[in-house]
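*Asks:* Dropping a prediction and its sequence here:
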Amino acid sequence: MGCSSCATAKDGQPRGCKNNGTCGTDGCNKLTVFDWLSNMAPPNGTRLFDCIEVRFKNSRKEFFRNTENLSLSIGDIVATQARSGHDIGMVTLVGELVKVQMKRKKVDFKDEELPKVYRKATQSDIDKWQKCRNREEEIKKRAREMAIILQLQMKISDVEFQGDGSKATFYYTAEERVDFRQLIKDMAKAFGIRIEMRQIGYRQEAQRLGGIGSCGRELCCSTWLTDFRSVSTSAARFQQLSLNPQRLAGQCGKLKCCLNYELDLYLEALKDFPSQDTKLQTDKGMAFCQKTDIFKETLWFSYKDEPANWHTLSKEQVIEILEKNKKKEKVASLEEYAVENIVEDKVVFENVVGQDSLTRFDRPKRSRNRNKNRNRNRKQGNKKQQGNNNKNNSNPNANSKKRRNNKKRKPRNA
């Protein structure tokens, strides 16, 4: 998280406000605008812009007019005008930068029907607001159970309470139109509040819920992405990605938004690049393109009769062959051009000392045959010695006679 007040506690729950992204400093919220004019005083005789930006649950931001001339700053909790009753939100931006944000989001700051800010939220307003926020998970679970009982083909993904607790907005996703009139009656009777159903897309659902993508980072739509552009499979084809729906789809089930990030660069590089359907006329036969590498500007071709034997050609070589084919001239073979592209492997690492081997300190392996022969000789020698000892022990009288004879013998020199 962006600040210490929203850091994770021991039990896994966020500290401070007990909700990720609703800290007092507003430093860990989605798309927080840095107020670089906060330390600058307005010129003499000018008034601050009378509109402010207020954020509600799940990065929903709206603009309100400060008709009471309240001294507001970023992080203040205010009571704002709603269609019925009032709502509680947090101030995220004040001053002249609000006008810039309103122009960017195409909101008319001269509109007199712009909702107003009532007051700064009192402690009772904040307590009531937190009490309603704590009920959201339980109500969402019960609403899902009611939808299952009515056999409605819809998924309730999120619930947002109004600040005064008189209204709750249920966000759901569905592939077809759903008749939820009976569901609204049952929920209004069970919860005792006004119900509003709002259908959202699968990408908006992922944006509200958040999560971790396959890249290991938080989802772009839940952190910084504001607009959802259409993503087609042609974006994957241009980038030479495998058309595997499990790898190209995000958590929303749609194609990943990041496929569009580098698409313009690939399209620009492919302007003067031969297409994938390029065919080369040679004396040995027709050659077809098997693979392309945009970054190295190389293409791989193979003959029709030899599809497994690929020949590497550069982009300039392919263009040269195509120009000759346009003049109805055939090239002798692709091997003549492929020989020029053969690059010898260079030694990347050279040590002056000459200690290139990583296993130079390892013990040399001894041959197993030597060890086997040694063990055999030892076993045979032990057996012979043991056999001689057994013979000596079996005839003790013979040994005593040998000793007596040796004593009676006289030396020759005597």
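*Replies:* Looks like it arrived, so ask away.
*Asks:* CA atoms for contacts and neighbours, from now on please.
*Replies:* Will do.
*Asks:* How about Asn196: what's its closest non-neighbour residue?
*Replies:* Residue 196: Glu, not Asn. Excluding the flanking residues, the one nearest Glu196 by CA to CA, 6 or more residues apart in numbering is Thr169, at 4.7 Å.
*Asks:* helix, strand or coil for that neighbour?
*Replies:* With DSSP: H, G, I helix; E, B strand; the rest coil as the basis, Thr169 sits in strand.
*Asks:* what's around it, how many residues?
*Replies:* Counted with other CA atoms under 10 Å, residues neighbouring Thr169 total 15.
*Asks:* where are the low-confidence patches of the stretch 301-414 of the chain?
*Replies:* Along the stretch 301-414 of the chain, the model assigns pLDDT under 70 to residues 339-375, 379-414.
*Asks:* which residues sit in contact with Lys57?
*Replies:* Lys57 sits next to Glu160 when contact means CA atoms under 8 Å, 6 or more residues apart in numbering.
*Asks:* number of nearby residues for Asp272?
*Replies:* 10.
*Asks:* Ramachandran angles for Asp111?
*Replies:* Torsion angles at Asp111 (phi, psi; degrees, to the nearest 10) stand at phi -70, psi 130.
*Asks:* Would you confirm that Gln207 contacts Cys221?
*Replies:* Yes - between Gln207 and Cys221 there is a contact at 5.0 Å, judged by CA atoms under 8 Å.
*Asks:* what are the ranges of the helices in the stretch 101-250 of the chain?
*Replies:* For the stretch 101-250 of the chain, applying DSSP state H, counting those that start in this stretch gives helices covering 123-134, 136-149, 181-191, 202-209, 220-223, 233-238, 245-248.
*Asks:* Just tell me which of the ones you listed ends up closest to Phe34.
*Replies:* When those are compared by CA to CA, helix 220-223 sits nearest Phe34, at 15.3 Å.
*Asks:* Rounded mean pLDDT for the closest one, please.
*Replies:* Averaged over helix 220-223, pLDDT sits at 86.
*Asks:* Point out where this structure drops to low pLDDT.
*Replies:* Within the chain, the segments meeting pLDDT under 70 span 1-31, 45, 339-375, 379-414.
*Asks:* in it, which spans are strands?
*Replies:* Here the chain has its strands, by DSSP state E, at 51-55, 61-65, 77-81, 86-93, 117-120, 155-161, 167-173, 194-199, 279-282, 285-293, 298-303, 311-314.
*Asks:* With distance to Leu37 added, can I get those strands in TSV?
*Replies:* Compiled in TSV, those are given as follows (distance: least, CA to CA, whole Å):
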stretch	distance to Leu37
strand 51-55	14
strand 61-65	19
strand 77-81	21
strand 86-93	11
strand 117-120	22
strand 155-161	33
strand 167-173	36
strand 194-199	37
strand 279-282	61
strand 285-293	48
strand 298-303	51
strand 311-314	54
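*Asks:* circling back to that earlier point, to Glu62, which of the helices of the stretch 101-250 of the chain lies closest?
*Replies:* Comparing the helices of the stretch 101-250 of the chain by CA to CA, helix 202-209 comes nearest, at 16.2 Å.
*Asks:* what's near enough to touch Tyr202?
*Replies:* Applying CA under 8 Å, 6+ apart, we find Tyr202 in contact with 173, 252-254.
*Asks:* For those, pick the one with the most neighbours.
*Replies:* That'd be Thr173 among the contacts of Tyr202, by other CA under 10 Å, with 19 neighbours.
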